[in-house]
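Visitor: Provided below for reference: sequence and predicted model.
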Amino acid sequence: MKFLKIYLHNVMAKSALLKSSIGKKYWMALTGLFLCLFLAGHLAGNLQLLLPDSQLQFNQYALFMTTNPAVKILSYLTYISILFHAVDGILLAIQNKKARPIGYAKNNPSANSSFASRNMAVLGTLVLVFIATHMINFWAKMHFDEKMPLQTLMIKQERKDQYTGMTVKDSVLVFTLTSGNYIPTEQVKGYGESGDNSPYEIVNRVEFYRTGSNMKAGEGYKDLYTLTMDFFRDKKYGLAFTLFYVFSMMVLAFHLWHGFQSAFQSLGLNNPKWTPTIKFVGKAFAVIVPILFAIIPLYIHFTK
Amino acid sequence: MSAAKNINITLKIWRQKNAKTKGGIETYKLDNVSTASSFLEMLDQLNEQLVNERKEPVAFDHDCREGICGSCSLYINGRAHGPDTGITTCQLHMRMFNDGDTIYVEPWRSKAFPVIKDLVVDRSAFDRIQQAGGFVSVNTSGRTIDANSLPVPKDDADKAFMAAACIGCGACVATCKNGSAMLFVGAKVSQYALLPQGKVEATERVLNMVRQMDEEGFGNCTNTGACEIECPKGISLENIARMNREYLKASL
C-alpha cells in the first residue's frame, strides 16, 4: 500500500508536465516544432510536382510515403502531433479566456504585441480546417478511395502496316507497373472491350492478376499526380480550390511567424546569443515555406 | 520642454461600489488640468471636484508616488500604466494628453485580481505565489554568514538584480491577453535561481510557485511579449524562459 501511495504520488508529480500551464507550453512547442519539420518534408515532396514530366517520379514518391515502415511511424507521429497541438491549443485558449472574465472597455493591444501573436488560436483553427479539407481531398483518396485511378502512360509506337507496307504511327495506353513493365489498358477487365475475357483483372485496387488465376502480374501506381493536377485544374472549382489553398498558406505564414520562435521561448531556449538567430530563421521559415507551398497550385492552375 | 498649460479632459472611469456589485463606466468632465501634474494628481483633482459635489470619490491604489512601490495600477486608454513605457501610473504625466481628450481609466482585469472597489483590485494572489516559494530559508539566529562571502559571477548577479527589480504591480497580468502572470513568477523564480543562496531550494521553489500561479486562475503564456513592453521595470522575457527551464529540470 505504501509503495502504491508513493508510486501514485510520483505519477501525480509527473502529470504536472501534462496539466500545468508550463507543461502545456512544452507540448505545444514540441508538437509545433515537429510539425515544422513535417512541413519542410512535405514541401520537398510537393515541389516535385513542378518538375517537368514528373508524373512517374511523383507517384513513386507517393507510393514510398504510404508504404515505407519508417515513413509510417513518422506519419503516425504527425497525426498525433496535429491532434495534440489542436486539442492542447483549444484547452489553453479556453483557460485563457476564463482568466479574464470581464474585458476592457478600451484596449490597445497593437501597442505592445503583433497581430500573429494575439491570434494564434484563430489562425490555428483555420489551419486545422485547411488540414481537414486537404486530407479529404488527397490523403483520404490515396488511402481509402476504391476508385483512385492508377497511373497510365501513352506509348507511341511505329509499325509497318502488313498490307500497305507503310509506316503507321499509333499509340497505346498502358498501366505502369512498379516493376517497370507495362500492361495495355485494353487487356484489363473493366477497361478494354473484351469484358470477362480480358487477360488481366485488378484486385485490391492496385494488384494486376491473370484473370481467374492467382498469378500476380504486378502492381500499379496510384495516380496522385493526375488527381492533383485535375483537382487544381477543375473547370468549375479549380480556381476556388487554388485560392483557398493560397489563403490557407497565408494563414499558416502568420501562425508560423509567431509560432516558430515562440516554441523556443517555451522550451526555455532564450538567450541573448541565440535568440536573434532563432527569430530570424523563424521569420524566414514562416515566409518562404508557405510561399513555396502556394506556388505549386498557382502554377498548376495557371499553366496547362 | 514647453511650458505647462491647462487642458480640459473627459474621463471615462470604471465605478464599482464593492466586489459584489456590478460596476460600469461613468463619465466625468474635468477642466483646468495642468499638463505638469501627474496622472494621480489629476485623479486627486477629480476627487476634490467629486467631494465638492458631494459625490463618492474614485478609489484607486497609490502609495510612494515615485515608481518604486508597485501600488498604483490603472489601465489607461487601453494600456497598463497608460501611454508610455517603462513607467508606473504615478510617473505618467498629463503632458502625454491633449486638450479635449477622452481618457478611459479601468482597473486591472484578471480573474485572479478581483475588483475591491472602483479601480482598486485585490493583488494578494501575487503574495500567495511569493509565499509558496519566493524566498530563501536562512537561519536568522544571528550567526548568518556574510552574503558577500559567496562569490557570484558578475553576469549572474546583474541578471538576478534585474529580475529582482520587479515591483509586483501586476501590469504584466493586466496587459497580457491571456491574463498570465508568468513574467512576475519568472522574475521571482529567476532572481533566486541565478544566485547560489537560491539554488538549494530551486526545485521546490519553481514547482510550488507555478502550482500556486495556476491555482490562482492566471492564464497561460503565449509569448506575445506584451508584458515585457508594458513592465515599468523592463523585466525581460528571458526570465520566463529561465522559469520554463527551471520547471523542466524540476519536473524530470
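Guide: Received it, and whenever you're ready, just let me know what you need. Note that the structure is a prediction, hence the values are computed from the model and not measured.
Visitor: Point out the residues in the stretch 201-304 of chain A that sit beside chain B.
Guide: By C-beta under 8 Å from any C-beta of the partner chain, the part of the stretch 201-304 of chain A that sits against chain B consists of A:258, A:261-262, A:265-272. (C-beta placed from N, C-alpha, C; glycine too.)
Visitor: For burial, what's the neighbour tally of residue 90?
Guide: Going with chain A. 14 (other C-beta atoms under 10 Å in any protein chain shown).
Visitor: wait, I meant chain B there
Guide: Residue B:90, neighbours per other C-beta under 10 Å, totals 23.
Visitor: Backbone dihedrals for it, please?
Guide: When read as degrees, to the nearest 10, the backbone of residue B:90 gives phi -70, psi -20.
Visitor: Mind checking which of the residues of the stretch 201-304 of chain A next to chain B are buried?
Guide: Among these, those classed as buried by neighbour count (16 or more other C-beta atoms under 10 Å in any protein chain shown) are A:258, A:261-262, A:265-270.
Visitor: Helix, strand, or coil at residue A:158?
Guide: Per DSSP: H, G, I helix; E, B strand; the rest coil, the secondary structure class of residue A:158 is strand.
Visitor: ok, now which ones touch residue B:9?
Guide: B:29-30, B:33, B:42, B:97, B:99-103 (C-beta atoms under 8 Å, 6 or more residues apart in numbering or on different chains).
Visitor: again with residue B:226
Guide: A:109, A:112-113, B:175-177.
Visitor: got it, and residue A:22?
Guide: B:210, B:243-244, B:247-248.
Visitor: Remind me which helix or strand residue A:176 belongs to.
Guide: According to DSSP states H and E, residue A:176 maps onto strand A:167-176.
Visitor: Next secondary structure after that strand?
Guide: strand A:182-184.
Visitor: Spell out which two among the buried ones among the residues of the stretch 201-304 of chain A next to chain B are the most distant pair, please.
Guide: Distance extremes for these: the farthest pair is A:258 and A:268 at 17.6 Å, using C-beta to C-beta.
Visitor: Spell out which residues of the stretch 1-150 of chain A are next to chain B.
Guide: A:13-14, A:16-17, A:20-26, A:92, A:95-96, A:98-109, A:111-114, A:117-118, A:120.
Visitor: Return a selection command, for use in ChimeraX, containing the buried ones of these.
Guide: In ChimeraX, a selection of the buried entries from those looks like this (16+ other C-beta under 10 Å):
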select /A:16,17,20,21,22,23,24,25,26,92,95,96,99,100,104,106,107,109,111,112,113,117,118,120
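Visitor: Quick check: end-to-end length of stretch B:104-122?
Guide: 20 Å (C-alpha to C-alpha, to the nearest Å).
Visitor: got a list of what the residue lying closest to residue A:59 once chain neighbours are set aside touches?
Guide: Leaving aside its chain neighbours, residue A:59 sits nearest to residue A:221 (4.1 Å; criterion: C-beta to C-beta, 6 or more residues apart in numbering or on different chains). Counting by C-beta under 8 Å, 6+ apart, residue A:221 makes contact with A:56, A:59-60, A:62-63, A:150-151, A:176, A:178, A:206.
Visitor: so of the residues you listed, which ones are in strands?
Guide: Members of these lying in strands (criterion: DSSP state E): residue A:176.
Visitor: residue closest to the middle of chain A?
Guide: Nearest to the geometric centre of chain A sits residue A:42, at 6.1 Å (C-alpha atoms, centre = their mean).
Visitor: I'd like the average pLDDT over the helix or strand where that one lies.
Guide: Taking DSSP H and E as the criterion, residue A:42 maps to helix A:21-46. Mean pLDDT, computed over helix A:21-46, is 96.
Visitor: repeat for stretch B:218-227
Guide: Averaging pLDDT residue by residue across stretch B:218-227 gives 96.
Visitor: Over to stretch A:144-154?
Guide: 90.
Visitor: Show residues contacting it.
Guide: Contacts for stretch A:144-154 (C-beta under 8 Å, 6+ apart): A:55-56, A:59, A:141-142, A:171-176, A:182, A:185, A:202, A:205-206, A:220-223, A:225-227.
Visitor: ok, of these, which come out buried?
Guide: A:55, A:59, A:141-142, A:174-176, A:182, A:185, A:202, A:206, A:220-223, A:225-227.
Visitor: Go through the residues you listed and flag which are in helices.
Guide: Secondary structure assignment by DSSP state H places A:55, A:59, A:141-142, A:225-227 of the buried ones among the contacts of stretch A:144-154 in helices.
Visitor: could the residues you listed be laid out in TSV, adding distance to residue B:75?
Guide: Below are these laid out as TSV (distance: C-beta to C-beta, whole Å):
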residue	distance to residue B:75
A:55	61
A:59	59
A:141	52
A:142	53
A:225	57
A:226	59
A:227	54
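Visitor: May I ask which two of those are separated the most?
Guide: A:55 and A:141 (16.5 Å).
Visitor: Closest to the centroid, which residue in chain B?
Guide: residue B:169 (1.9 Å).
Visitor: Just confirm it is within a helix.
Guide: No - assessed with three-state DSSP, residue B:169 is coil; it does not lie in a helix.
Visitor: Was I right to think it contacts residue B:72?
Guide: Yes - assessed by C-beta atoms under 8 Å, residue B:169 is found in contact with residue B:72 at 7.4 Å.
Visitor: Close to chain A: what parts of the stretch 51-200 of chain B are there?
Guide: Within the stretch 51-200 of chain B, the positions adjacent to chain A are B:75, B:77-79, B:83, B:104, B:106, B:109-112, B:175, B:177-180, B:182 by C-beta under 8 Å from any C-beta.
Visitor: Now with 6 Å, please.
Guide: B:75, B:78-79, B:104, B:106, B:109-111, B:177-179 (C-beta under 6 Å from any C-beta of the partner chain).
Visitor: Of the residues you listed, which belong to strands?
Guide: Reading strands off those with DSSP E, I get B:75, B:79, B:104, B:106.
Visitor: between those, which is closest to chain A?
Guide: Nearest to chain A among those: residue B:104, at 4.0 Å, using C-beta to the nearest C-beta.
Visitor: How about the closest one, nearest residue that isn't a chain neighbour?
Guide: Using C-beta to C-beta, 6+ apart, the closest residue to residue B:104 is residue A:106 (4.0 Å).
Visitor: Name the helix or strand for that neighbour, please.
Guide: Using DSSP H and E, residue A:106 falls outside every helix and strand.
Visitor: didn't it look like it was pressed against residue B:105?
Guide: No - Residue A:106 is beyond contact range of residue B:105, at 9.4 Å (criterion: C-beta atoms under 6 Å).
Visitor: Next up, phi/psi of residue 112, please.
Guide: Chain wasn't specified; assuming chain A. For residue A:112, the backbone dihedrals (degrees, to the nearest 10) come out as phi -140, psi 0.
Visitor: show me what contacts it?
Guide: Residue A:112 sits next to B:226, B:229-230 when contact means C-beta atoms under 6 Å, 6 or more residues apart in numbering or on different chains.
Visitor: Would you quantify the distance from it to residue B:3?
Guide: 32 Å (C-beta to C-beta, to the nearest Å).
Visitor: Could you tell me how many residues sit around residue B:181?
Guide: 32.
Visitor: Touching stretch A:24-35 from outside, list them.
Guide: A:81, A:84-85, A:88, A:92, A:259, A:263, A:266-267.
Visitor: list the contacts for residue A:120?
Guide: Contacts of residue A:120 (C-beta under 6 Å, 6+ apart): residue B:222.
Visitor: change it to 10 Å
Guide: A:28, A:32, A:89, A:92-93, A:254-255, A:257-259, A:262, B:222-224 (C-beta atoms under 10 Å, 6 or more residues apart in numbering or on different chains).
Visitor: from these, which single one is nearest residue B:66?
Guide: residue B:224 (29.7 Å).
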